[in-house]
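Return atomic coordinates for the entry below.
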Amino acid sequence: MAIFDHLPAPERPALLRFCGYAATEAEADIVVFGAPFDSSSSFRPGSRFAAAEMRRDSWGLESWSPRLKRDLEDHKVHDAGDLELPFGSTKEALRIVRQSCAAITEADKTPVMIGGEHTLSLGAVEALLEFYPDLHLLHFDAHTDLRPDYLGVRNSHASVIRRIYELLGKNRIHSLGIRSGLAEEFTFAEENLDFHPFDLSGIGAAVKNIGTAPVYVSLDLDVLDPSVLPGTGTAEPGGVSYQEMLAAVYQLEGLNIVGCDMMELAPLLDISGASTAVAVKLLREMILLL
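Numbering: from 1, shown residues only. Below you'll find the model as predicted:
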């Protein structure tokens, strides 16, 4: 990206940015960036390639949403490219994500991160908590991610929600779609989170519980059933359909969303390209809701 920084975003080679994300950094209200990192992936890696593949595939999708009757090209969205994250250092990757989200928020813009492993959501939440002390987390996932550590490592995609809980405290994390985890993780979630496992039927209650508070939305794509999105590192049968996920996303309109992410797409694990297509379309709808 750096060699084109002297050009306004619309004049850069088209495939270096998402389709429809044509605003410059200065004029944008929303800044999308890729976070290519999957060092702590415990099963199948590959989510580091998500943002690049989603950019490429976005050019096969219209910028117009017929459901929302809105067009990306009518809104001020900037694609900042991918962060340069040091493979192998989760601590440094989190620092860079935290610093980047803080800079975007300080400029009065909304950060949208495309990961990458779910661990990186911690860096975004840490940054936003500095600006919004009453921050909530709305969490879509197949897994609890509440382990105190994973194989002795505290910052892991298996423990990211536990780390965020330590920042936000009781009843400020709203988890939906969870269907996998240790027994003690489910017990912890039931006692300390606004917990709606197995499906997305609790989205209305979660939205009501969040109310007007600032909220960060984290979407781990493995919340979708593997028949819909097989291209993810830890696929978990029994997930939701694309239509169910879309319906839940539409119910977020009106929330005070101050940042969001879409994590754990591993596009090379699905050679059909269907998983990437699903992710790109969900991203379009989420962006248009912002």
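
so who does the nearest residue to Glu25 once chain neighbours are set aside touch?
Leaving out its chain neighbours, the residue that sits closest to Glu25 by CB to CB, 6 or more residues apart in numbering is His78, at 5.0 Å. Any C-beta I mention is one placed from the backbone N, CA and C, and that applies to glycine too. His78 sits next to 9, 21, 23-25, 27-28, 30-32, 109 when contact means CB atoms under 8 Å, 6 or more residues apart in numbering.

6 Å instead?
His78 makes contact with 23, 25, 28, 31, according to CB atoms under 6 Å, 6 or more residues apart in numbering.

Buried ones among those residues?
Among the contacts of His78, those classed as buried by 16 or more other CB atoms under 10 Å are 23, 28, 31.

Restricted to strands, list the residues you listed.
Counted as lying in strands by DSSP state E, out of the buried ones among the contacts of His78, are Val31.

Out of the buried ones among the contacts of His78, which is nearest to Gly46?
Closest approach to Gly46 among the buried ones among the contacts of His78 (CB to CB): Val31, at 24.9 Å.

Can you report how many residues lie near Gly202?
19 (other CB atoms under 10 Å).

ok, which stretches of the stretch 1-150 of the chain are strands?
Counting by DSSP state E, counting those that start in this stretch, one finds strands in the stretch 1-150 of the chain at the ranges 30-35, 64-65, 70-71, 77-82, 110-115, 136-140.

residue contacts, the closest residue to Leu68 other than its chain neighbours?
Nearest non-adjacent residue to Leu68, counting by CB to CB, 6+ apart: Leu288, 5.1 Å away. The contact partners of Leu288, taken as CB under 6 Å, 6+ apart, are 65, 68, 70.

just Phe195 next, same as before
175, 189.

How about the one 5 residues further on?
Neighbour list for Leu200: 176-177, 240, 244, 248 [criterion: CB under 6 Å, 6+ apart].

next one: the host helix or strand of the residue nearest to Leu68 to chain centre, how far?
Assigned by DSSP states H and E, Leu288 belongs to helix 274-289. Relative to its chain's centre, helix 274-289 lies at 11 Å (CA atoms, centre = their mean, to the nearest Å).

Please point out which parts of it sit buried.
275-289.

Out of the residues you listed, which one has the lowest pLDDT?
pLDDT across these is lowest for Leu289, at 93.

And that one, how close does it get to His75?
From Leu289 across to His75, the span is 11 Å (CB to CB, to the nearest Å).

in this structure, which segments are predicted with low confidence?
1-15, 42, 150-154, 157 (pLDDT under 70).

where along it do the helices fall?
50-58, 90-106, 121-131, 160-168, 183-192, 203-210, 242-250, 274-289 (DSSP state H).

Just the CA coordinates for the third one, please, in CSV.
Read it as helix 121-131. Output in CSV follows, covering the C-alpha atoms of helix 121-131 (Å, rounded to 0.1, in the frame of the first residue of the first chain):
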residue,chain,number,x,y,z
SER,A,121,-10.2,-8.2,19.4
LEU,A,122,-8.6,-7.7,22.8
GLY,A,123,-6.4,-4.9,21.4
ALA,A,124,-9.4,-3.1,19.9
VAL,A,125,-11.4,-3.3,23.1
GLU,A,126,-8.4,-2.1,25.2
ALA,A,127,-8.2,1.0,22.9
LEU,A,128,-11.9,1.8,22.9
LEU,A,129,-12.2,1.4,26.6
GLU,A,130,-9.9,4.4,27.0
PHE,A,131,-12.5,6.5,25.2
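
helices or strands up against that helix?
Here helix 121-131 touches helix 90-106, helix 160-168, strand 214-220, strand 256-263, going by 3 or more CB pairs under 6 Å, 6 or more residues apart in numbering; DSSP states H and E.

what does the first one give?
Contacts defined by 3+ CB pairs under 6 Å, 6+ apart place helix 50-58 against helix 274-289.

Just want the angle from the helix it packs on to strand 77-82.
When axes from the mean of the first three to the mean of the last three CA atoms, to 10 degrees is applied, the directions of helix 274-289 and strand 77-82 differ by 130 degrees.
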